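Colleague: Here is a sequence with its predicted model. Questions after.
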Amino acid sequence: QQSRLIALHFQMLCCISGSPPEEPVISKKSGHLFEKRLITKHLEQHGKCPVTDVEMTTDDLQEIQGSKTPKPRPAQAASIPGLLSLFQNEWDALMIETYTLKQHLDTVRQELAHALYQHDAACRVIARLIKERDSARLQLSQFTARLDEVRQEQKPEAEEAAAPQPMEEEGRLPAVVLKKMNDMSSQLTSKRKKRQVSDTLATPADLDRFEETHTVSLHSTSTPGVLSLHIHPNDGKVVTGGVDATCVVYDRLTGKKTHSLSGHSKPVRRVLFHPTAQVCLSASDDATVRVWSIPEDGPGRAQLVMREHKNEVRGLTLNTTSEYMVTAGLDNMWLFSDIESGTTLTRVRGDDGDDPYSAGFTCAQFHPDGMILGTGTRQQTIVIWDLKTLSNVATFPGHTGAITDMSFSENGFYLATSSVDGSVKLWDLRKLTNFKTLTFEGGNNNAINSVHFDYSGSYLAAAGDMIKMYNVKTYGEIKTLTNHNAAVTDVMWGQDARWLCSSSLDRHVKIYNTN
């Protein structure tokens, strides 16, 4: 019995499998015992001894001859009760291992939950710090802009006295200004007669396929809402004015915000690109008009601030010479000003009517020839002015609410106006009559905030609680767009009516085309 125990103790096992080999071989170099089939496969793949890592081939293996007698079964496996006992032991060991794994899994889950909680807390802290940083930057930029304005206002009186003063007669524009405008009007009239419709102008079928292709949020989320937009006539950039008192320039082609212009203290109602200079203009409820420099390779800044109005500025339009602008406000005044110097060349007061407190201009637009100005009022009328005499030459009643926007057709014959009464009216300037009224069927009878002819005069877009596109030939509706979740505040056509852009109180700017 003792010799048997010694033999079992010194039983030779395969160095790879750890069990007695059926075909034992021994390495001539290391003296280790292996199962022949296992060591052969290992040498084919690695060419080294698995124990000593010494170079070895199958020629270095020596087979060991042993008894081929089959091994007897263990005593426990020789009977059914013994087998049941073996199975029970294996089952118990499996259950204990499973319980240990569950305990380890619960521990790992607790550690993971704690790590995720820490990560979430860190993200919230980072978001709060970023918000505070952005707010501080905005306040700093506004303070810097205000400081620059104060410095400009506090220039020595001698400089103001030495500045060139405009030459103007009472109730008239300076003669040199009128001459420039007349010359430009003659040129535009001549070109208009020869102008052909663009070959790339979108067709009604193209407009019927318009879908939303881009949506961007350019303004602050804490004070949401975009009130106005304008598309650059040449490069397709978009400038927007928001409730957050900032103007933002967005490059549609690159999908990036190029400039953020801070300085106004109240919502920005109107924005405009200058067609040739790297400049944009804005009018705000803070009663100021700003001229912004927006260079391609640098930040934007306010190069001019005009404070001539005494109340909210709601109208802003650029003359065809690109040198002069008109601003109109709820103080019932419209001002004709030089863009480069900021000098007001003349100011005209509207009719106060029976109730001076309800008077005031809500929008303004130059006629395509530049010699006629249209203004909309809170008193539900459209007033047409002759800039040569600065006199009211026509008044269009008919709306039952304040005028919100107006647009002249490029041919100069028609004017479209929108109102809080939920209608768009079309006026023939040759007959001075309203020949068509459009309403939003299926809408909520809310105000129509914006109306715009495309450059060719072929299509009209109007925006209220939705956007509708019309064919000017018949004024039949082409398509309705209902992508915004709040009132649409402004809408404008892109080049050749190939795309359309809109802004809304849902703080989004959306672009539509045929995708």
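Modeller: Everything's here; your move.

Colleague: okay, CA-based contacts and neighbour counts for the rest of this
Modeller: Fine.

Colleague: which residues does the spatially most central residue of the chain form a beta bridge with?
Modeller: In the chain, the centroid-proximal residue (CA atoms, centre = their mean) is Val216; its distance is 1.8 Å. Beta-bridge partners recorded for Val216 (DSSP bridges): Val509.

Colleague: for Gln139, helix, strand, or coil?
Modeller: helix (DSSP: H, G, I helix; E, B strand; the rest coil).

Colleague: okay, now it: neighbour count?
Modeller: Residue neighbour count, defined by other CA atoms under 10 Å, stands at 14 for Gln139.

Colleague: returning to that earlier point: looks like the residue nearest to the centre of the chain contacts Ser504 (just checking).
Modeller: No - Val216 lies out of contact with Ser504 (CA atoms under 8 Å); the separation is 11.2 Å.

Colleague: so who does the residue nearest to the centre of the chain touch?
Modeller: The contact partners of Val216, by CA atoms under 8 Å, 6 or more residues apart in numbering, come to His508, Val509, Lys510.

Colleague: residues contacting the first one?
Modeller: Looking back up the chat, that one is His508. For His508, the contacting residues are Thr215, Val216, Ser217, Leu218, Gly225, Val226, His484, by CA under 8 Å, 6+ apart.

Colleague: Count the residues that sit near the fifth one.
Modeller: Yep, that's Gly225 we're talking about. Around Gly225 sit 27 other residues, with neighbours defined as other CA under 10 Å.

Colleague: if we can go back for a sec, got the contacts of His508 as JSON lines, with distance to Asn411 and pLDDT columns?
Modeller: Supplementary listing: the contacts of His508 in JSON lines, determined by distance: CA to CA, whole Å; pLDDT from 0 to 100:
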{"residue": "Thr215", "distance to Asn411": "32", "pLDDT": "93"}
{"residue": "Val216", "distance to Asn411": "33", "pLDDT": "94"}
{"residue": "Ser217", "distance to Asn411": "35", "pLDDT": "93"}
{"residue": "Leu218", "distance to Asn411": "34", "pLDDT": "90"}
{"residue": "Gly225", "distance to Asn411": "34", "pLDDT": "91"}
{"residue": "Val226", "distance to Asn411": "30", "pLDDT": "95"}
{"residue": "His484", "distance to Asn411": "31", "pLDDT": "93"}
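
Colleague: Looking at these, which two lie furthest apart in space?
Modeller: The distance between the two most remote of the contacts of His508 (CA to CA) is 15.0 Å, for Leu218 and His484.

Colleague: so where's the stretch 151-300 of the chain uncertain?
Modeller: Scanning the stretch 151-300 of the chain for pLDDT under 70 picks out the ranges 152-171.

Colleague: Which parts of it are helices?
Modeller: With DSSP state H, counting those that start in this stretch applied, the stretch 151-300 of the chain shows helices at 157-162, 175-194, 204-208, listed in chain order.

Colleague: and stretch 227-236, how far apart are its ends?
Modeller: The first and last residues of stretch 227-236 sit 19 Å apart, counting by CA to CA, to the nearest Å.

Colleague: got a list of contacts for it?
Modeller: When contacts are taken as CA under 8 Å, 6+ apart, the neighbours of stretch 227-236 outside the stretch itself are 237-243, 251-253, 267-275, 489-495, 502-505.

Colleague: Narrow those to just the buried residues.
Modeller: Neighbour-count burial (16 or more other CA atoms under 10 Å) applied to these gives 237-243, 252, 267-275, 489-495, 502-505.

Colleague: Sitting in strands, which of those residues do you find?
Modeller: With DSSP state E as the criterion, strands contain 238-242, 268-273, 489-493, 502-504 from among the buried ones among the contacts of stretch 227-236.

Colleague: picking that back up, mind giving me the PyMOL select for the contacts of His508, buried ones only?
Modeller: Selection of buried members from the contacts of His508 for PyMOL, criterion 16+ other CA under 10 Å:
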select buried, resi 215+216+217+218+225+226+484
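
Colleague: In TSV, list the contacts of His508 along with distance to Phe143.
Modeller: Shown next, in TSV, are the contacts of His508 (distance: CA to CA, whole Å):
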residue	distance to Phe143
Thr215	31
Val216	27
Ser217	25
Leu218	21
Gly225	23
Val226	23
His484	34
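
Colleague: Pick the one among the contacts of His508 closest to Ala175.
Modeller: Closest to Ala175, out of all of these and judged by CA to CA, is Val226, at 39.4 Å.

Colleague: Which strand residues bridge the closest one?
Modeller: Going by DSSP bridges, Val226 is paired in beta bridges with Gly242.

Colleague: I'd say it and Ser502 touch.
Modeller: No - Val226 is beyond contact range of Ser502, at 9.4 Å (criterion: CA under 8 Å).

Colleague: For those two, list the residues in contact with both.
Modeller: Counting by CA under 8 Å, 6+ apart, the shared contacts of Val226 and Ser502 are Thr489, Val509.
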